[in-house]
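J.: Please find the sequence and the predicted model below.
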Amino acid sequence: MTATCDLSNKHCVPCEGGTPALTIEETASLAKSLHADWSLSDDGRFIRREFKFRNFAKTVHFLNMVIWMADKEMHHPDVEFGYGYCHITYSTHAIDGLSENDYICAAKIDALIE
């Protein structure tokens, strides 16, 4: 079982203000569990992946799957989308940085694409 499978099988837990954001070392370790197309922001506060699709319907279908998963996990990304593309950004706003929840959801999105 790969680390990605481990993360994608986990579930998000509520994260309140006062919980520390992940350290650079923790984000680097968790990043190894994700598809290489996920990128960490320069300030270490969010991760992002850009997806390309053949048409608008496929983009919306993918986005609907992401929305369903995010609602189930109660951890929602920032999303930009249009004809043939969807950009997903994860950050835990309550702590102004990254939490394990962001990586769990990113791994679940990776599993949707595979």
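T.: On my side now, so go ahead. Numbers count the residues shown, from 1 in each chain.
J.: contacts and neighbour counts: CA atoms only from here.
T.: Will do.
J.: Only the buried residues of the strand or helix carrying E25, if you could.
T.: Element membership of E25 [criterion: DSSP states H and E] is helix 24-31. For helix 24-31, burial by neighbour count (16 or more other CA atoms under 10 Å) applies to T27, L30, A31.
J.: Isn't the second one up against D102?
T.: What it means is L30. No - shown here, L30 and D102 do not form a contact pair, counting by CA atoms under 8 Å, at 9.9 Å.
J.: Next, count neighbours for the residue lying closest to G82 once chain neighbours are set aside.
T.: Residue nearest to G82 in three dimensions, not counting chain neighbours: F56, with 6.9 Å by CA to CA, 6 or more residues apart in numbering. F56 has 15 neighbours, counted by other CA atoms under 10 Å.
J.: Would you map the helices across this protein?
T.: 3-8, 24-31, 56-73, 100-113 (DSSP state H).
J.: Which one, of the ones you listed, ends up nearest to I47?
T.: helix 100-113 (7.9 Å; CA to CA).
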